[in-house]
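pasting the sequence and the predicted coordinates here, then a few questions.
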Amino acid sequence: MSITRPRRPQDSAPDLDILGDQVTIHPAGYVEPPPTGREGQERNVIEHMVRFRESPFDFLREVSLHVSGSGWRAYEDVIGQPIFYNGFTDFMKNAIMQTPMLKKRIEELAVKRVEAEGIQGLLGDGDSRDRRKTRRKEELEESLREVAEKLTDGMICKLEYKSVIRGAYYICTQLLTRAYHQGRSGIHVSSEEILRLRSVAEQATKKKHSIIFLPCHKSHVDYVALQILCYRLGIALPTVVAGDNLNLPLIGPFLQHAGAMWIRRSFGHDALYTTLVQSYIDTLLQNGFNFECFIEGGRSRTGKLLSPKFGILSFLLDSVLSGRVDDAIICPVSTQYDKVIETESYISELLGQPKPRENLKDLLSASSVLSLRLGRVDVRFHEPWSLKGFIAEQQARATSSPSSLSSQDPQSSESRVRLLRTLGFKVLSDINAVSVAMPTALVGTVLLTLRGRGVNKHELVRRVEWLSDRVRDKGGRVAHFAGAPTEVVVERALEVLGPGLIGTINDLPETVYYAVDRFQLSFYRNMIIHLFISEALVSAAMYTRVKFGGGPDIQRISFEALYDQVYFLSQVFRGEFIYPTAGLLANLNKTLKGLESDDVIVLTRDAAGKILTAELSRAERDRGRENYDFYCFLIWPFIESTWLAAVSLMSLTPPLKAEENVWIDFKQAQEKAQLAGKTLYHQGDLSYFEAVNKETLKNAYQLFEEEGMIIHNRSQDPKVPSTVRLAPEWTPTRDKETGSIIPQGKLWQFTEMIAQSRREGKNRRDGATVSTRVLSLADKVGRELFASAGTVDASYTDQALPKSRRRKEIQTKARL
């Protein structure tokens, strides 16, 4: 194996570039210069795959190497526990069925069923009743064991055959080298992170501990890329949690033998299935097998991290917390793309189109997509950490906190929920910490944060350089910039994004670039928004004064007013973004000092150094507010979307002569809100079409429920729709003569608080005109909703109200 070591910066770890048996170490974010003869040949993180039409002999030779398992392709001397041997699947099945937890659950279910049959008189009377009960219990236990064995066989991964794994590796690398193409692309990793991961894997193998990979989820390529890396770097393949909606004919069994663990999308109240999943996870972790699940649950359609899903995470925590598993190693993983294959389908879903069911035909038709040139993939591994150590640290912290003395028991429901939430958000924070800002994200962000329609090449390069410097200043990582001029990197990003996203006007003195599909381009902007969320919230809060125009005296804002608006906005977006953990006041002061040092704002302080006021600096005004506007443009679409959601609640105001206890179909209410948003956008009352984003609206409705603004009656029957209504104290009043909604009350005040930070529009400076036009639309939508509404027993209110109890707990946490 030959190793080439180009000169690299001392302040960053090198990237690893693997080509067959040759490993090359490059500076972090390395991009090869344009080809100049043999020295400029492109390389991928995975070896170049020969095509049959280009070289039939080499193609057949390459296939034979993979089939025979020659060299590293044999996947020998893997770091991890033995998996690939005949009988592995039977071993796992037997181990799962013998777990005390599953045995106990089967017995409990059988006893409960026997008791029910006894009450129904199905077991008869007399002296033989006890014998019949015992016999019936044994019959039920045997039946439940058969069901459990069948469920186990359909669920567990079956990593027995290396030939299947070698075939899977070859097929996947063939596909990926066609999608994520040339040497300036492919799959890139950090050599430092890989060496650290291998070292951790070696120690975990000795202790028989599992590595739990917790990646973000933006694409189906995520799990393929991680499996390829583990295979190529000699680390035991993890068992990957996958929804059974992907368990398609032909494809499903193949994936199950390549590492997939099939689980239902919803467990419902199936106690046997829930215990079976826990028993399988316990068995995997007890034997030290690596494990992988996506912390967000499903794929992110918006480009940014979603809130953590606690289902599988709860099973993992319970395994260690209960003592059934000694320890496990958590490894957060970030996977970033120049371009995500599925973005077009994501936009359709976010605009309200139903998600299509996965099927083999659609999967095979993706081959045309895989022929595209989609840039490169960056996979980054956070430093792994002990789950047992994390639990001990959190318990020690809770013990030292006086407010937590009443719930020190880690097994208590309250403590467990708190521990689970802390675990989930820590993983998300770690993923953000190692994420790489891709060139497409930088270019897309710049184009979406311009005040004008477009930008010339020189200005685009200048703003990308400014943004990349700001990413680094915030502790983030930037891909592609070492080894190539920014202009070259920008050109590559424009090529990858393509004319469908970015348009050009060439018949001008300078070529102008502009955003064609702003909605789809927002996916790439959202990849880096987490780095600047504090600055964005502060800028939006200052905008409550800046939008009035005039001199500094008019636009100056007091610290108290700034604090109040930032606190309000941070609470509104607590379900959208992950904030720094230092607390509101500390984060606000740090953010203001950072903006001051960047010469964006000027702060006035008293003699003790306490901040009194904030305003835009003279330098920022002279350069046309371009940096300040950048932060505002980042957050404005989300402000618009939440304002739209709040306005849509007005449509839930009951008509004057409406019956009592009228409930609205929850799904229909959200769909109508999206439709109203499209209307407002085309009327000019909404600045951003992406504000009708279904995911952001859903997050807003979740906020409204937590705050007790709406009462959400969730139906347990999938055939019966969930319903919603306004809480009494949040319900607006109507004019008794005209029946119109009066713009007053708590809901209107809440909506106006959001509106203070909205971007001003040419057609809506007159607040009275806006309130009249917007409320008129809300009223029209509301009449349609109430026309198709039904009544629900008042007792449902008591079932729905506890959902808002978390409000007080959340409000006690200072956030930014």
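Structure received.

make sure I578 is indeed in a strand.
No. Counting by DSSP: H, G, I helix; E, B strand; the rest coil, I578 is not part of a strand but coil.

which element is the closest residue to it other than its chain neighbours on?
Nearest residue to I578 in three dimensions, chain neighbours excluded: L428, at 5.3 Å (C-beta to C-beta, 6 or more residues apart in numbering). C-beta: built from backbone N, CA, C; applies to glycine. Taking DSSP states H and E as the criterion, L428 maps to helix 413-434.

which other helices and strands does the next helix or strand along the chain from that helix contact?
Downstream of helix 413-434, the next assigned helix or strand under DSSP H and E is strand 436-437. Contacts defined by 3 or more C-beta pairs under 8 Å, 6 or more residues apart in numbering; DSSP states H and E place strand 436-437 against strand 328-337, strand 477-478.

with only the CA atoms kept, save the helix or strand following strand 436-437 in CSV.
Of the helices and strands lying after strand 436-437 in sequence (DSSP H and E), the nearest is helix 439-448. The C-alpha coordinates for helix 439-448 follow below in CSV (Å, rounded to 0.1, in the frame of the first residue of the first chain):
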residue,chain,number,x,y,z
PRO,A,439,-20.1,24.5,-1.4
THR,A,440,-23.7,24.1,-2.7
ALA,A,441,-24.9,25.1,0.8
LEU,A,442,-22.7,28.2,0.8
VAL,A,443,-23.8,29.2,-2.7
GLY,A,444,-27.4,28.5,-2.1
THR,A,445,-27.3,30.5,1.2
VAL,A,446,-25.7,33.5,-0.5
LEU,A,447,-28.3,33.6,-3.3
LEU,A,448,-31.2,33.3,-0.8
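
measure how far helix 439-448 is from the centre of its chain, please.
Relative to its chain's centre, helix 439-448 lies at 20 Å (C-alpha atoms, centre = their mean, to the nearest Å).

and the helices and strands packed on strand 436-437, which is most packed in?
Across these, averaging neighbours per residue (mean count of other C-beta atoms under 10 Å) puts strand 328-337 on top, at a mean of 24.

report the buried residues of the helix or strand just after it.
Next in sequence after strand 328-337, counting helices and strands by DSSP H and E, comes helix 343-350. Neighbour-count burial for helix 343-350 flags 343, 346-347, 350 (criterion: 16 or more other C-beta atoms under 10 Å).

quick one: strands adjacent to the strand or helix carrying V724?
Taking DSSP H and E as the definition, one finds V724 inside strand 723-726. Partner strands and pairing direction for strand 723-726 (DSSP bridges) are strand 662-665 (antiparallel), strand 710-713 (antiparallel).

from the buried residues of helix 343-350, which is closest to L447?
T343 (15.5 Å; C-beta to C-beta).

for that closest one, give me its contacts.
Residues near T343 by C-beta atoms under 8 Å, 6 or more residues apart in numbering: 520, 523.

could you pull out the helices in the stretch 701-816 of the chain for me?
746-755, 767-787, 795-800, 806-811 (DSSP state H, counting those that start in this stretch).

what does the stretch 551-700 of the chain give?
552-555, 559-572, 584-597, 618-622, 626-649, 666-683, 694-706.

of those helices, which approaches A437 most closely?
A437 sits nearest to helix 626-649 of all these, at 13.6 Å, using C-beta to C-beta.

same for the closest one, what does it pack against?
Packing contacts for helix 626-649, counted by 3+ C-beta pairs under 8 Å, 6+ apart, involve helix 457-473, helix 533-546, helix 559-572, helix 666-683, helix 694-706, helix 746-755, helix 767-787.
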